[in-house]
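Asker: Here is my input; please provide its structure:
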Amino acid sequence: MTTRLAVRAFAFIPPFIRCRYNSSDSVKVPLELIRQLRQHVPAVTLPLARTALRYSGLDVPKAVEYVHKFDQTILSERPGKVYDRAAGEGVIAISVPSPGLGAIGNLVRGGMVELNCETDFVSRSGAFNVLATKIAHTVAFFAERTPDEECFSDFDLKTLEDAPLCSQTGDLTVQAAVKKAVSEFKENITIRRAVSLLVQPPSRKYIADRVFYAGWYAHGSHRSEIGETGKVGSLLLLAASPDQISDQAKLIEDMSKLSKNLARQTTGFETLSIRTDEPLTDADSASTILYHQQFAMHGTDQTVDDVLQTYADKWDIKRENGVGMDVRDLRRWTVGEGMPAKVDTFAEEVRKMAGESP
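Answerer: Next up is the predicted model:
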């Protein structure tokens, strides 16, 4: 934060409060007062909360007023600056409104997005996670079949921004909802990437006698009726080609449980590919290939490939030419992966103003 802005932010503090702060700036701020302040201003960061309470002589109502005036000063002084700051925190959000297709009669429709913000505090807030889940739900709702009929498709971000936000009572677009969140949290909030999952008949690649089920999992989740969020997320498609189905309900149950367990597996272990036909050079390379990983869910010594074969045998499915009981495709994302090192963030600016080290 520039010196001029710091002076402007300091200028609206009443003189008697300034003197009180200057004479007691080493006073420890009780956590209970921070909790009370956050009840009034949920998005306030910890450094700003401490600063506001110290400037206000540990008076919560005065601290609330300080935070509001500080926000107004930041936005009026540099309205576009917030969008220039690095947003390296955030969540992976997944929404799958329709998980199954084929013998169970429904299509597969899902969406996954990475929504970024500046601080871990905001990324853990309920409102931020709800917004991320709604955006993922919007991706799932507006998913379209691609010309090459791949089940996963990168969702164009400009199209997504212009789309109406699903699970929203008004006519708010995704872009408007993000801008509203920026004004509420006073942080840069951006949609970094989005992918849709769609399988629907008729299709040359996914024929009617096949059964598909989506699996998804987000680690450290906030869960709701329309989806879940976490720091790592996986979305995959499980497929089966039974000659006949003796018990449809049981097949659905098996595929639902197996797809969920496989999604947990790919979330918990770094998974770079599903399978390989190339000879493996070392154990490390095998550990990133899903079919070569030890299946982690039931304490078994079987690999994921062995488990899939077990289910294929149970349903009398022949696994030939990559068709049987198999993972057809998957996406695994981690928040911030591949991002450049963070620079000038809002949290750092507040710490500087508060005279605190990072």
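Asker: count of neighbours near residue 199?
Answerer: By the measure other CB atoms under 10 Å, the count of residues near residue 199 is 28. Yep, even glycine has a C-beta here, placed from its N, CA and C like the rest.
Asker: For residue 155, see how far away it is.
Answerer: Taking CB to CB, to the nearest Å as the measure, residue 199 falls 16 Å from residue 155.
Asker: what does residue 295 give?
Answerer: Per CB to CB, residue 295 is found 31 Å from residue 155.
Asker: now residue 119
Answerer: 26 Å.
Asker: Strands of this structure, residue ranges please.
Answerer: Using DSSP state E, the strands of the chain run over 89-98, 100-101, 108-117, 152-154, 190-199, 211-219, 222-224, 227-230, 232-240, 325-334.
Asker: now the ones you listed in CSV, with distance to residue 37 and mean pLDDT?
Answerer: Listed next are the strands of the chain as CSV, based on distance: least, CB to CB, whole Å; pLDDT from 0 to 100:
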stretch, distance to residue 37, mean pLDDT
strand 89-98, 21, 96
strand 100-101, 47, 79
strand 108-117, 20, 96
strand 152-154, 41, 95
strand 190-199, 27, 96
strand 211-219, 30, 94
strand 222-224, 23, 91
strand 227-230, 25, 97
strand 232-240, 32, 95
strand 325-334, 32, 95
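Asker: Reformat these as JSON lines; add distance to residue 45.
Answerer: Output for the strands of the chain, formatted as JSON lines (distance: least, CB to CB, whole Å):
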{"stretch": "strand 89-98", "distance to residue 45": "12"}
{"stretch": "strand 100-101", "distance to residue 45": "43"}
{"stretch": "strand 108-117", "distance to residue 45": "11"}
{"stretch": "strand 152-154", "distance to residue 45": "33"}
{"stretch": "strand 190-199", "distance to residue 45": "18"}
{"stretch": "strand 211-219", "distance to residue 45": "24"}
{"stretch": "strand 222-224", "distance to residue 45": "19"}
{"stretch": "strand 227-230", "distance to residue 45": "20"}
{"stretch": "strand 232-240", "distance to residue 45": "24"}
{"stretch": "strand 325-334", "distance to residue 45": "24"}
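Asker: Tell me where the model's unsure across the stretch 201-350 of the chain.
Answerer: Residue ranges of the stretch 201-350 of the chain with pLDDT under 70: 201-209, 283-284, 320-323, 341-350.
Asker: can you pull out the helices in it?
Answerer: Ranges of helices in the stretch 201-350 of the chain, per DSSP state H, counting those that start in this stretch, are 248-268, 283-287, 304-314, 346-354.
Asker: For residue 39, find the nearest of those.
Answerer: With CB to CB, the closest approach to residue 39 among the helices of the stretch 201-350 of the chain belongs to helix 346-354: 19.6 Å.
Asker: Count the neighbours of residue 61 for me.
Answerer: 11.
Asker: where's it relative to residue 52, distance?
Answerer: Between residue 61 and residue 52 the distance is 11 Å, computed by CB to CB.
Asker: Return every residue with contacts to both of those two.
Answerer: Counting by CB atoms under 8 Å, 6 or more residues apart in numbering, residue 61 and residue 52 have no contacts in common.
Asker: Surely residue 85 touches residue 118?
Answerer: Yes - the pair residue 85 and residue 118 passes the contact test of CB atoms under 8 Å, sitting 6.0 Å apart.
Asker: Give me the more crowded residue out of these two.
Answerer: Between residue 85 and residue 118, counted using other CB under 10 Å, the more crowded position is residue 118 (28 against 18).
Asker: nearest spatial neighbour of that one, skipping sequence neighbours?
Answerer: Spatial nearest neighbour of residue 118, chain neighbours left out: residue 187 (4.3 Å); criterion: CB to CB, 6 or more residues apart in numbering.
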